[in-house]
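A.B. asks: Next comes the sequence, and after it the predicted model I'd like to discuss.
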Amino acid sequence: MPLVAHHPLPAFEKLRQRGEKVLSLDDALRQDIRELHVGLLNMMPDAALTATEMQFMRLVGSCNQIAQFFVHPFTIPALPRGAESQAYIDHYYKSFDDIRAMGLDALIVTGANVSNPSLDQEPFWEPLREVMEWADGHVTSVLCSCLATHALVKQLYHIERELRPAGKLWGVYSHHVVHKEHPLLRDINTRFDVPHSRFNAVHRESLEQAGLTILIESEEAGVHMAVSPDQFGIVYFQGHPEYDTNSLLKEYKREVKRFFADERDDYPPYPEHYFNDDAAAIAARFQQAVLTAKQAGKAMPAFPEEHLEPLLDNTWRDTAKGIVNNWLGMVYEHTDFNGPRPQSPSI
């Protein structure tokens, strides 16, 4: 069943315009169908706030379970925001107090940008701990993305992420299923791609020593998906299965602009395994034009987004939808019994 537009969040209308099925609240109330309420703790910075919101809502809305999905976005007040984004949050997002009073069946926690050498120095650290302390025992399952995964395995298991000696892992990488029998991977392809964009990593050995089960990994990118010892209470993604086809392209555009503004020393490499030969040729010509303009003290040429985007392939979305579908199906099955979810390690 579709998402339910239960409040005036602009993402609902944008999803409709993109062909996604979104049910009005009036239509939803006329149907005798079970509701599932999914919290979306969106910790992304201003530039990615609404895009991330849309990405996860689309994944939830593509689920084929017999339920109506109510997605409730909220964030952490301590995160720095510009005036426009703060006004948007004040108008459309719930507070954590609202979420606690209402209750949730499931929770999604996004990544975040960091600026401190240790995650426990970030402004989201203690508020995230508070959310997870509440979620333990009140939410059937929590799904975490990238930086949220790094933060939670540190809070729960004292696993430190490690800076990658080879630099940023950035691109689209082939992955394979490790535990084909796990219900979260039911009817999933055994090999598929996942986008990654990170400087740090948590590794198989540390996760397994803590009792987590590795479900998906990559020879190049390492662990992508793992689950808590109870096999369902917390689902950890280290990659970005929620990404749009052009998400890495927009990151690449941003990094080129940073280079031109002297905010980084080197011209950014292409995201790995992302550009085909034609796209790489366009990007190479643009790189030369950027270098020439920078040396001559001229304005940066227009980024060729309209030429590059049609050349990009999405090789991860169907698998991402399948996994989220399985996850929400398990949430549905577990919450039917109205019992507490298995206890996770205390924070």
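C.D. replies: Perfect, I can see it now.
A.B. asks: any idea where the helices of the stretch 201-347 of the chain begin and end?
C.D. replies: Ranges of helices in the stretch 201-347 of the chain, per DSSP state H, counting those that start in this stretch, are 204-209, 247-260, 277-296, 305-308, 317-335.
A.B. asks: If the residue nearest the centre of the chain is in a bridge, with which residues?
C.D. replies: In the chain, the centroid-proximal residue (C-alpha atoms, centre = their mean) is residue 145; its distance is 4.4 Å. Residue 145 has the following beta-bridge partners by DSSP bridges: residue 237.
A.B. asks: Could you check the pLDDT of it?
C.D. replies: For residue 145, the model assigns a pLDDT of 94.
A.B. asks: Tell me the spacing between residue 246 and residue 186.
C.D. replies: Look at residue 246 and residue 186: by C-beta to C-beta, to the nearest Å, they are 30 Å apart. Yep, even glycine has a C-beta here, placed from its N, CA and C like the rest.
A.B. asks: now swap in residue 331 and tell me
C.D. replies: 14 Å.
A.B. asks: which of those two has more neighbours?
C.D. replies: Of the pair residue 331 and residue 186, residue 331 is the one with more neighbours under other C-beta atoms under 10 Å, namely 25 against 14.
A.B. asks: wait, isn't the more buried one in contact with residue 142?
C.D. replies: No: using C-beta atoms under 8 Å, residue 331 is not in contact with residue 142, being 10.3 Å away.
A.B. asks: list the residues that contact both of the two?
C.D. replies: residue 106 (C-beta atoms under 8 Å, 6 or more residues apart in numbering).
A.B. asks: Contacts made by the helix or strand containing residue 48 with the rest, please.
C.D. replies: Using DSSP states H and E, residue 48 falls within helix 46-61. The contact list for helix 46-61 (C-beta under 8 Å, 6+ apart) reads 2-3, 9-12, 14-15, 18, 20-22, 38, 40, 42, 44, 69, 71, 73, 81-82, 84-85, 88-89, 108, 110, 241-244, 247, 254, 320-321, 324, 328.
A.B. asks: before we move on, what about stretch 106-120?
C.D. replies: 36-45, 52, 56, 60, 79, 122, 124-125, 128, 131, 135, 139-148, 150-152, 154, 161, 240, 327-328, 331.
A.B. asks: Repeat that for stretch 301-309.
C.D. replies: Stretch 301-309 is contacted by residues 245-246, 249, 253, 256-257, 275, 279, 282-283, 286, 289-290, 293 when judged by C-beta under 8 Å, 6+ apart.
A.B. asks: If we use 6 Å, what do you get?
C.D. replies: Residues outside stretch 301-309 that contact it (C-beta atoms under 6 Å, 6 or more residues apart in numbering): 246, 249, 253, 279, 282, 286, 289, 293.
A.B. asks: Compare the residues you listed and tell me which is most surrounded.
C.D. replies: Most surrounded of those: other C-beta under 10 Å gives residue 249, at 22 neighbours.
A.B. asks: any idea of the pLDDT on it?
C.D. replies: Looking at residue 249, its pLDDT stands at 98.
A.B. asks: Contacts only, for it.
C.D. replies: Counting by C-beta under 6 Å, 6+ apart, residue 249 has contacts residue 308.
A.B. asks: Distance-wise, check it relative to residue 54.
C.D. replies: Taking C-beta to C-beta as the measure, residue 249 falls 16 Å from residue 54.
A.B. asks: Same question for residue 243.
C.D. replies: Per C-beta to C-beta, residue 243 is found 11 Å from residue 54.
A.B. asks: More neighbours: which of those two?
C.D. replies: Counted by other C-beta under 10 Å, residue 243 and residue 54 do not tie: residue 243 has more neighbours, with 24 against 20.
A.B. asks: these two touch, right, that one and residue 193?
C.D. replies: No: at 10.6 Å, residue 243 does not count as touching residue 193 under the criterion of C-beta atoms under 6 Å.
A.B. asks: quick check, residue 143 in a strand?
C.D. replies: Yes: assigned with DSSP: H, G, I helix; E, B strand; the rest coil, residue 143 falls within a strand.
A.B. asks: what about the strands in the stretch 101-250 of the chain?
C.D. replies: Using DSSP state E, counting those that start in this stretch, the strands of the stretch 101-250 of the chain run over 106-109, 141-145, 162-163, 169-177, 191-198, 200-201, 213-218, 222-227, 234-237.
A.B. asks: just to revisit the earlier point, pull out the buried residues from the contacts of helix 46-61.
C.D. replies: 2-3, 9, 11-12, 14-15, 20, 22, 38, 40, 42, 44, 69, 71, 73, 81, 85, 88-89, 108, 110, 241-244, 247, 320-321, 324, 328 (16 or more other C-beta atoms under 10 Å).
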